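[1] I would like to see how this sequence folds:
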Amino acid sequence: MEELKVNKNPGFFARIEASYPKLRGAEKKVVSFIEENPEEIIHLSITEVAERSDTSESSVVRLCKRLGYKGFQDLKIHLARDVISPEKQIHEVIEKEDDALTIKKKIFQSNIQALYDSLEVCSDDEILRAVEAIAKARIVEFYGTGGSGAVAIDAQHKLLKMGMKTYAYSDAVLQSMSASVLSKDDVVIGISHTGANRDVLHAMKLAKKAGATVICITNSSKSPITQVSDILLHTASKETLFRTDAISSRIAQLTIIDVLVAVLAMNDYENYYDNLQKTRNSTIEKKI
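    Now for the predicted structure:
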């Protein structure tokens with residue numbers, strides 16, 4: 001089978017998602033113009049982009065640097081890859097006429113790409129802040145519905161094995177009830193690909209009001225969930241027509257959970273190792 005083609009650098013729009021909260025007003029105006037005219041940007045000069053976005057050339061240059069590009073030309077090259085690259089179509093879009101082997105290849109590529117992109121856009125500093133908050137927490141709660149609910153349950157299982165008091169709620173009523181009685185010593189981790197799930201958002205607002213530290217795992221830097229969160233953990237995975245709730249989204253979320261758990265364990269190895277042995281031994285008699 002032909003070798004999988006994966007871009008090991010995050011795409012333009014993945015970088016935008018991760019950096020958007022940190023952008024200034026003028027930089028956001030440039031982003032809005034680019035998002036509305038992605039194919040046209042490739043043929044414009046920096047002066048034309050500045051004029052048509054009602055900003056300045058220096059704002060465009062600052063945006064390029066903030067996104068990690070060498071300059072405007074470098075930004076245009078990467079944007080062009082996102083807009084017209086055949087590889088982009090290969091790993092994102094399943095066409096009506098695709099056969100089983102083609103679909104297999106595209107889905108594998110999409111999932112691998114989601115991990116590469118998420119690796120780049122998930123902030124190292126935010127990971128460390130999340131680990132610190134979880135390590136100090138009295139209780140850690142995970143909120144998610146649908147596919148994200150399954151991720152929440154997996155996260156609870158991993159932390160419980162390490163001896164941490166943790167709960168996962170996928171029911172909207174239970175999320176809200178539990179969130180309302182938390183304290184400043186607790187941590188809530190809300191999981192939502194779109195970041196706009198009303199049930200999870202409502203529960204996280206209640207948790208924040210109660211004084212808990214609120215962490216989100218989401219794909220969208222512009223979503224409502226980021227506005228109520230103290231710590232933001234970003235993924236970069238795209239869902240398409242027949243791949244809403246795609247496994248690529250779950251893989252990225254699960255991988256972030258794995259990172260948090262592993263870093264926690266290494267920071268207090270003896271304690272967590274001892275707890276892991278206890279929880280494993282607790283189920284020995286149940287095994288055939």
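
[2] pLDDT score for I90?
    Note on I90: pLDDT of 42.

[3] Next: L23.
    89.

[4] That one: how many residues sit nearby?
    As a burial measure, L23 scores 19 neighbours (other C-beta atoms under 10 Å). Where you see a C-beta, it was placed from the backbone N, CA and C, and this is true even at glycine.

[5] just M177 next, same as before
    13.

[6] what helix or strand is it on?
    Assessed by DSSP states H and E, M177 sits inside helix 172-180.

[7] what does that helix contact?
    Residues from elsewhere that reach helix 172-180 (C-beta atoms under 8 Å, 6 or more residues apart in numbering): 141, 143, 145, 167, 169, 188, 199-200, 202-204, 206-207, 210, 212.

[8] any idea which helix or strand comes after it?
    Next along the chain after helix 172-180, taking DSSP H and E as the criterion, comes strand 187-192.

[9] how near is I189 to A100?
    Per C-beta to C-beta, to the nearest Å, I189 is found 37 Å from A100.

[10] More neighbours: these two, which one.
    More crowded of I189 and A100, by other C-beta under 10 Å: I189, with 32 against 7.

[11] Report the residue spans of the stretch 151-288 of the chain with pLDDT below the cut-off.
    By pLDDT under 70, the low-scoring segments of the stretch 151-288 of the chain are 238-246, 286-288.

[12] where along it do the helices fall?
    Remark: helices assigned in the stretch 151-288 of the chain by DSSP state H, counting those that start in this stretch are 172-180, 198-209, 224-228, 247-267, 269-281.

[13] wait, which of the ones you listed is closest to D117?
    Of all those, helix 247-267 sits nearest to D117, with 8.1 Å by C-beta to C-beta.

[14] Remind me what that closest one packs against, helices and strands.
    Counting contacts by 3 or more C-beta pairs under 8 Å, 6 or more residues apart in numbering; DSSP states H and E, helix 247-267 packs against helix 100-121, helix 124-136, helix 147-161, strand 213-218, helix 269-281.

[15] ok, and which of the ones you listed has the densest surroundings?
    Of all those, strand 213-218 carries the top mean neighbour count, a mean of 27, counting by mean count of other C-beta atoms under 10 Å.

[16] just the angle between that strand and strand 187-192, please?
    In terms of direction (axes from the mean of the first three to the mean of the last three C-alpha atoms, to 10 degrees), strand 213-218 departs from strand 187-192 by 20 degrees.

[17] How about residues contacting strand 213-218?
    So strand 213-218 is contacted by 130, 133, 137, 151, 184, 186-195, 204, 207-208, 225-226, 228-235, 253, 256-257 (C-beta under 8 Å, 6+ apart).

[18] could I have it exported to CSV, CA atoms only?
    Extracted in CSV, the C-alpha atoms of strand 213-218 (Å, rounded to 0.1, in the frame of the first residue of the first chain):
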residue,chain,number,x,y,z
THR,A,213,-10.4,25.2,38.9
VAL,A,214,-11.9,24.7,35.5
ILE,A,215,-10.0,23.0,32.6
CYS,A,216,-11.2,22.4,29.1
ILE,A,217,-10.1,20.0,26.4
THR,A,218,-11.5,21.4,23.1
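
[19] if we can go back for a sec, quick one: which of the contacts of helix 172-180 has the most company?
    Note: the member of the contacts of helix 172-180 with the most neighbours is Y143, at 33 neighbours, neighbours being other C-beta under 10 Å.

[20] For that residue, give me its contacts.
    Counting by C-beta under 8 Å, 6+ apart, Y143 makes contact with 152, 168-170, 175, 179, 188-191, 199-200, 203-204.

[21] do the same with S19
    Counting by C-beta under 8 Å, 6+ apart, S19 makes contact with R66, L67, S221.

[22] before we move on, what about R280?
    Contacts of R280 (C-beta under 8 Å, 6+ apart): K161.

[23] Would you mind measuring from it to Y273?
    Using C-beta to C-beta, one gets 11 Å for the distance from R280 to Y273.

[24] In terms of distance to R81, which of the contacts of Y143 ranks first?
    Relative to R81, the closest of those is I191; by C-beta to C-beta it sits at 29.7 Å.
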